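In: Coordinates for the following, if possible.
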Amino acid sequence: MSETKLKYLFNPTQKDARQLKAEFVVRTAIFNQIFTDIQEDAMQKPPQHYMILGQRGMGKTTLLLRIKYAVQDDENLQQWLLPVVFNEEQYAMSDLASFFEHIAQIIAEDHPSSYESLLEEMRKYEFENDYDQKAFEILVEYLKKNEQKIIVFHDNFGQFLEKIGKVATHRLRNILMNSTHIRLVGASATLLEHTFNYKEPFFDFFYQIRLKGMTSDETILLFEKLAENEGKADLFKEILQTERPRIDVMRKLSGGVIRTMVMLFDVFIDNEKQDSFKDLEAILDRVTPLYKHRMDDLKPQQQQIVDAVARAWDAVTVSEIAELSRAERQGLKTNQISAQLKQLVENGIIEIEPRTTGRTNLYRLQERFFNIWYLMRYSTRQDKQRVIWFVKFLEGWCNTNDLKQLFERFDNNLERGTYELNTVFDRALAYSMVDNDEVNKQKIDLIMKAISFLELRNYDKKSLDYLKKEASTLLINQAFRSVENILNDTLKELSLFNLRVIRILLEEASNKAKTVHSSTFFYELSFITTTIGWLLSDKVEISLKSFAILYDRENSNEYWTELLTTYFFSLIRLKQYHTANKLFQDYPELKDRLKPIYYLTMEYLKDEYPNEYLKAGEEYRETIEELKERVKWFEQNLS
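Out: Residues are numbered from 1 along each chain as shown. Just a heads-up that it's a prediction; the model follows:
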C-alpha cells in the first residue's frame, strides 16, 4: 500500500472532495437518511441533532465529510446553511467557548467578507464568567444579519464532552435544544454515557445511528469501486469468481470494519493466490505499527488490563479481568481496574457490552481485529489456536468447488516452488483440518506432497513430525470411508438394540476395519457416529454415555469437528439445551473449538444465563445467525 493511500486511509479529511464522493459507496442509506432530513428542514424550529456511533475505521469521518460536501453542492442549502467540520483531534478545544471560537474561525476562512470580524468581536468578552454564552450570542447575531445558519460536523464528540465538563455540557445542551441557528451531527468511537445514562445532560437527546460492519454485498461493492479507481476492475472480477468465500472469511474476522477491508483489498490484488490465513498474516503486518503505537501509549496498568481482556477474547467481568491479569499479585485492586477500564472505554480501546449494566458489565476490546492482532503477535500457541479454530470454522462454510480450486492453486504453486517453507507448512496444516468428503483424496495427496517438499529442504523436524501425524490421521480416515456402509446399515437399526447389542456391533465394525489396515481411530469414529445415531433416535441418556466413553479415550477430542458439530446440532434440534451446556462445562475445550455453537446454545438459555451469550463478540453474530438457519434445516430434515 502506497504512503499516499495509507495517509488517506487514516486521514480522509486530506482526500480530495471529488475522490471521496466517487469512492463513497458503503454508507449510502445512512447518508441519504440524514441528508434528506437536512434538505427538508429549514430550521424554523430547533432541529434534530444526530450522533453517529462506531468503532475506529467504520467510516464515521468519511460519512461526516460526505454530508458536508452534499450541503455545499446543494443549490438551495448553500445559500443559507454553512457547514463547519471539526477534525477528529481538537487538542486546543478545552472549553465550550473555544468550541464557538473554532466555528468563528472556520466560517471566517470560508466567508471572510461576512464573518472576518466575528472572532475579534467574541474575544472582547473572553475574560468574563459567561464568555461561552456571550460568544454564542454574538455568533447568532452575525448569522441573523447574513440570514444564515450553521451545521456542525463534530468528530470525536464524546472526548470533547469529557474535556469541557458537566456544567458546560449542560449549557451546550440548552443551546442545541433551543436554538434554531445550529444543527449538530456528531460522531464518536464509544457508546456515549452522556446519551444512555439518564443522569447525564444528553440522555436520550440525539438521534443515534450506530454503524455496523459491512455486509457481504457492501464489501464487494467497495472492492469493485476500489478496483475501478485503480484500473484493476477486470483483475478483481476474475479474482471474485473464485475468491468470494475468502473475502467473506476476512470480513467476518475483521467485523466488517471499512478501514481494515480497504487494506485487505490490496492483499487480494497483490497476492491473489493466497488463502485466508495468509491474508490474515499480511494484514496483521500492515497494522502492526498502528496497533503497537496504540499499546505503547497506554499506562502500564492499562497494558496489563488490555492484555487480560485480549487473551480472554470474549467479554469478561471486572473480577474475571482481575483473575486473568493476576492483579492481586501486582497489587491492583478491582476498584483500580474499574477506574482504568473507564479511561480505556473513553479512549475507545475497550467497550462495554451495551446490554449489560452496573456490576454486571462485560468488557471486550472494541476493535475485534485489534484483538486478533494481539493474540497472533503476543500470545502463546494455545491462544493463537483460538483464532485458528475460528478461521477454520468459517472456512468450513466454503463449498466443494471453492475447496477444489483452493487445493489446485496450492498444488500448482507447490510444484513451481513459489512458497516459503513456513507458508507450505501453515497451509498444509490448515488444509489437513478441512472436513469435506468430496475433496478427501485430493487433500491427502496435497499433504503428502507438502511433507515431501519440506523434507527435501530440511524443514524443522518437530513441525514435520506434527504434520506427519495429521497425515496419518487422514489416511486412517480414508480407510474408514471404505467401510462406511457398515455404519450406515448399523444406524438404520439403532432404535431396535440396547447398548449391549450396540457394543457388539461396534466390536464387529472395528474388527472389519482392521482388515483395511485401520486402527483404533476407526473405533473412535464409528463410536461418535453411533452416538449421534442414538441421539437422533431420542435415546439421549444412552447417547451421552456413549459420548463420555468416546471423549475419555486418549486424543479423541482432536478429531472431527464436523461430527461434533452435528452432535450438538442434534442436541439443539431436540431442544436439549441444558444437555449441550453440560457437555460444554464437562469438556471446556469444546467452548473454544465450537465457540459459535456454544454461544448459540447460551442464546437459547438466555433466560437462565442472561449475560453469557452477550459475551460473544460482534464477529460471531453473523455466523450464529447462519447456525440458526442450519438448526432449522436439521429440524425440517431429521424429524
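In: Show the contacting residues for the closest residue to Leu583 other than its chain neighbours.
Out: In this structure, Leu583 finds its nearest non-sequential neighbour in Leu590, 6.8 Å apart by CB to CB, 6 or more residues apart in numbering. Every C-beta, even on glycine, is put in place using the N, C-alpha and C of the backbone. Listed by CB atoms under 8 Å, 6 or more residues apart in numbering, the contact set of Leu590 reads Asn557, Leu564, Leu583, Phe584, Tyr598.
In: if you average pLDDT over stretch 253-267, what comes out?
Out: Averaging pLDDT along stretch 253-267 gives 83.
In: oh, and call the first residue 40 from now on, that's how I've got it
Out: Yes, from this point I'll number from 40; that puts the last item at stretch 292-306.
In: any idea how far it is from the chain center?
Out: Centroid separation between stretch 292-306 and its chain, computed with CA atoms, centre = their mean, to the nearest Å, is 10 Å.
In: Sticking with the residue nearest to Leu622, tell me its helix or strand.
Out: Here Leu629 sits within helix 628-632, counting by DSSP states H and E.
In: could you dump that helix to CSV, C-alpha only?
Out: Extracted C-alpha coordinates of helix 628-632, given in CSV (Å, rounded to 0.1, in the frame of the first residue of the first chain):
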residue,chain,number,x,y,z
GLU,A,628,-12.0,-27.3,25.4
LEU,A,629,-15.2,-27.6,23.3
LYS,A,630,-16.0,-24.0,24.1
ASP,A,631,-13.0,-22.8,22.1
ARG,A,632,-13.4,-25.4,19.4
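In: just checking, next helix/strand downstream of that helix?
Out: Past helix 628-632, the next helix or strand by DSSP H and E is helix 634-643.
In: got a list of contacts for that following helix?
Out: 353, 425, 428-429, 432, 604, 607-608, 611, 616, 619-620, 623, 629-630, 648, 651-652, 654-655, 659, 662-663, 666-667, 670.
In: Can I have the buried ones of those as a PyMOL selection?
Out: Listed next is the PyMOL selection for buried residues among those, using 16 or more other CB atoms under 10 Å:
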select buried, resi 353+425+428+429+432+604+607+608+611+616+619+620+623+629+630+651+652+654+655+659+662+663+666+670
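In: List only buried entries from the contacts of Leu629.
Out: Among those, the ones that count as buried by 16+ other CB under 10 Å are Leu603, Leu622, Phe623, Tyr637.
In: Among those residues, which one sits closest to Lys188?
Out: Tyr637 (53.0 Å; CB to CB).
In: Please name whichever of the contacts of Leu629 scores lowest on pLDDT.
Out: Least confident entry in these, by pLDDT: Asn596, with 40.
In: Next, the contact list for the nearest residue to Arg162 once chain neighbours are set aside, please.
Out: What sits nearest to Arg162 in space, not counting adjacent residues and going by CB to CB, 6+ apart, is Glu140, at 7.6 Å. Going by CB under 8 Å, 6+ apart, Glu140 touches Leu158, Met161, Arg162, Ala174.
In: Tell me how far the helix holding Leu629 lies from the chain's centre.
Out: When distances are taken as CA atoms, centre = their mean, helix 628-632 is centred 19 Å away from the chain's centroid.
In: now swap in stretch 86-93 and tell me
Out: 23 Å.
In: Just the mean pLDDT for it, thanks.
Out: Averaging pLDDT along stretch 86-93 gives 91.
In: Excluding its own residues, what touches it? List them.
Out: Contacts for stretch 86-93 (CB under 8 Å, 6+ apart): 69, 73, 76, 80, 99, 102-103, 196, 215, 219, 222-231, 234, 244-251.
In: Quick one: buried ones out of the residues you listed?
Out: Counted by 16+ other CB under 10 Å, the contacts of stretch 86-93 give 69, 73, 99, 102-103, 196, 215, 222-231, 234, 244-245, 247-248, 250 as buried.
In: I'd like the list of the residues you listed that fall within helices, please.
Out: Judged by DSSP state H, the subset of these located in helices is Ile69, Ile73, Lys99, Leu102, Leu103, Phe196, Leu215, Thr234.
In: Setting aside sequence neighbours, what's the nearest residue to the fifth one?
Out: So the one you mean is Leu103. Closest residue to Leu103 apart from its sequence neighbours, by CB to CB, 6+ apart: Phe192 at 4.2 Å.
In: What strand or helix carries Leu200?
Out: Here Leu200, judged by DSSP H and E, is contained in helix 196-217.
In: Which residues in that helix does the neighbour count mark as buried?
Out: For helix 196-217, by 16+ other CB under 10 Å, it's 196-203, 207-208, 210-212, 214-215.
In: Distance across stretch 152-167, terminal residue to terminal residue?
Out: Distance across stretch 152-167, first residue to last, is 28 Å (CA to CA, to the nearest Å).
In: quick one: buried residues of that stretch?
Out: Judged by neighbour count (16+ other CB under 10 Å), stretch 152-167 contains these buried residues: Ser153, Tyr154, Leu157, Leu158, Glu160, Met161, Tyr164.
In: show me the contacts for Lys482.
Out: Phe446, Tyr470, Ser471, Val473, Asn475, Leu513.
In: and with 6 Å instead?
Out: Tyr470 (CB atoms under 6 Å, 6 or more residues apart in numbering).
In: Quick check: it vs Asn475, distance?
Out: Here Lys482 is placed at a distance of 8 Å from Asn475 (CB to CB, to the nearest Å).
In: Repeat that for Phe586.
Out: Phe586 is 24 Å from Asn475, by CB to CB.
In: Check Gln198 too.
Out: On the measure of CB to CB, Gln198 and Asn475 end up 49 Å apart.
In: that's a helix at His473, yeah?
Out: For the record, residue 473 is Val, not His. No - counting by DSSP: H, G, I helix; E, B strand; the rest coil, Val473 is not found in a helix; it is coil.
In: Which pLDDT value goes with it?
Out: We note a pLDDT of 73 for Val473 in this prediction.
In: ok, now Lys163?
Out: pLDDT recorded at Lys163 is 91.
In: Pretty sure it sits in a strand.
Out: No - using three-state DSSP, the secondary structure at Lys163 is helix, not a strand.
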